[in-house]
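# have a look at this prediction, sequence included:
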Amino acid sequence: MVEVIWHGHACFEVRGKAGVVVTDPFRGIGLPEPRAEADLVLCSHGHFDHSNYGPVKGEGGEALIGFVGSKRVGEIDVKGVATFHDESQGSRRGKNSVYVFTLDGIRFCHLGDLGHDLSPTQVEEIGEVDVLFVPVGGVYTIGPETAWKVCLKLRPRFVFPMHYRMAGLSPTFNALSTIEDFLKGKENVKKVEGRSLTFEKADLPDEMTIVVLKL
């Protein structure tokens, strides 16, 4: 049984028997800074809104920033896949690491601030995905259209949209698309009245389902 908790923006806390993983913790974006006791903190890159690992890393925990490769942290297997923060091979915003990690038999993939469509090689490197965290806001990342293309390439069971315009964010992010821009025309949408969802591998749907959490 795992629990996915959304702290806002691209920050999720994933709790399972094998440990606790936190992705892309932020600071200075208008939302309350996340707090947790993570065994593993995964930061897709070093920008301030994705790498504030101090308040979420537990004692003895480990933080990875822009990691590429494979390693095991405690009972958690993690793989970092090299991508870019923009469509110009990183010349505008730098590099971005896509993380794939396994908790309690469920394969999670967090795309970080992915700024381009995935190549066939990157899709192969990522491999099978049960749960996908995908940015959909555009401007600094892929937008709704490209995000959906990526979803169709990876074919996860659950899709958690992230990094979109929402109440509480600082004006810096006003140009982002909203969650409704991404959901337009989509089927199999599960809106949760809360910021967390608990499930186990047997609960994963047969058809790709978009899960929208609410702070």
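Everything's here; your move. Numbers count the residues shown, from 1 in each chain.
# show the backbone phi and psi for C109.
phi -130, psi 120 (degrees, to the nearest 10).
# pretty sure it sits against E125.
No: applying C-beta atoms under 8 Å as the test, C109 and E125 come out as separate, 10.8 Å apart. Placement of C-beta: from N, CA and C, glycine included.
# and these two? which has more neighbours close in?
Neighbours per residue (other C-beta atoms under 10 Å) separate C109 from E125, with C109 holding more: 22 against 17.
# how about the more buried one: what's its closest non-neighbour residue?
V129 (4.4 Å; C-beta to C-beta, 6 or more residues apart in numbering).
# tell me how many other residues surround that neighbour.
So V129, with other C-beta under 10 Å, has 21 neighbours.
# likewise the one 4 residues further on?
When neighbours are defined as other C-beta under 10 Å, F133 has 27 of them.
# in this protein, which spans are helices?
Per DSSP state H, the chain carries helices over the ranges 120-126, 144-154, 179-183.
# okay, those in TSV with mean pLDDT next?
Listed next are the helices of the chain as TSV, based on pLDDT from 0 to 100:
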stretch	mean pLDDT
helix 120-126	98
helix 144-154	98
helix 179-183	98
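# so which of the ones you listed is nearest E207?
helix 144-154 (12.1 Å; C-beta to C-beta).
# ok, and for that closest one, which residues are buried?
144, 146-148, 150-151, 154 (16 or more other C-beta atoms under 10 Å).
# ok, what's across the strand from G80?
For G80, the beta-bridge assignment (DSSP bridges) gives partners G69, Y99.
# I'd like to know how far it sits from H110.
10 Å (C-beta to C-beta, to the nearest Å).
# repeat for R72
R72 is 17 Å from H110, by C-beta to C-beta.
# show me which of these two is the more surrounded one.
H110 (26 against 9).
# just confirm that one contacts F133, I think it does.
Yes: with contact defined as C-beta under 8 Å, H110 counts as touching F133 (4.4 Å).
# anything in contact with each of those two?
10, 12, 23 (C-beta atoms under 8 Å, 6 or more residues apart in numbering).
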